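# no sequence for this one, just the structure:
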């Protein structure tokens, strides 16, 4: 099994690729693609379509998932926090791929089989992961981890 997870923060799309199983997730790669959160909606849509397409092409056999944030408080925040995932769903649909979405509470101990804090679990349960990676990368990893069991 393999999963490609996404997380969005202001001005960045984070991705993480994992292989293995829910019980034994193994790190493959992670990264960040920066964007201007103040760009026009059409430019943001074009950027997201290109970026998600390139990442899906790079990991063609990986199941796709993302963490949807529910914290947007303005139209501008909705545009860069939620809008890109509509584009991800469109790109996946055009390629005949399924996409799963999760919220942070979805990353539960029951679903993933870890003990303690979910972000700490990324460091203790994901094999081969980098020594240092930040919260946004771990949230992308948690999305990828979730689809390893599907």
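Good, I have the coordinates. Remember, predicted model here, so these are calculated numbers, not experimental data.
# tell me which helix or strand of this structure sits lowest on mean pLDDT?
Every helix and strand of the chain was ranked by mean pLDDT, DSSP states H and E. The lowest is helix 75-81, at a mean of 72.
# Now find how far off-centre that one is within its chain.
Distance, stretch centre to chain centre, for helix 75-81: 17 Å (Cα atoms, centre = their mean, to the nearest Å).
# Same question for stretch 16-35.
Offset of stretch 16-35 from its chain centre (Cα atoms, centre = their mean): 9 Å.
# what's the distance between the residue lying farthest from the centre of the chain and residue 23?
Here the chain reaches farthest from its C-alpha mean at residue 40, the gap being 23.1 Å by Cα atoms, centre = their mean. To residue 23, residue 40 is 45 Å away according to Cβ to Cβ, to the nearest Å. Backbone N, C-alpha and C define where each C-beta goes, glycine included.
# list the buried ones in the following helix or strand past the least confident helix or strand of the chain?
Counting by DSSP states H and E, the next helix or strand C-terminal to helix 75-81 is helix 83-94. Going by neighbour count (16 or more other Cβ atoms under 10 Å), the buried part of helix 83-94 is 83, 84, 85, 87, 88, 89, 91, 92.
# Which of those residues sits closest to residue 108?
Distance ranking of the buried residues of helix 83-94 against residue 108, using Cβ to Cβ, places residue 85 first at 20.9 Å.
# With adjacent residues omitted, what lies nearest to that closest one?
Of all residues not flanking residue 85 in the chain, residue 66 sits nearest, at 5.5 Å (Cβ to Cβ, 6 or more residues apart in numbering).
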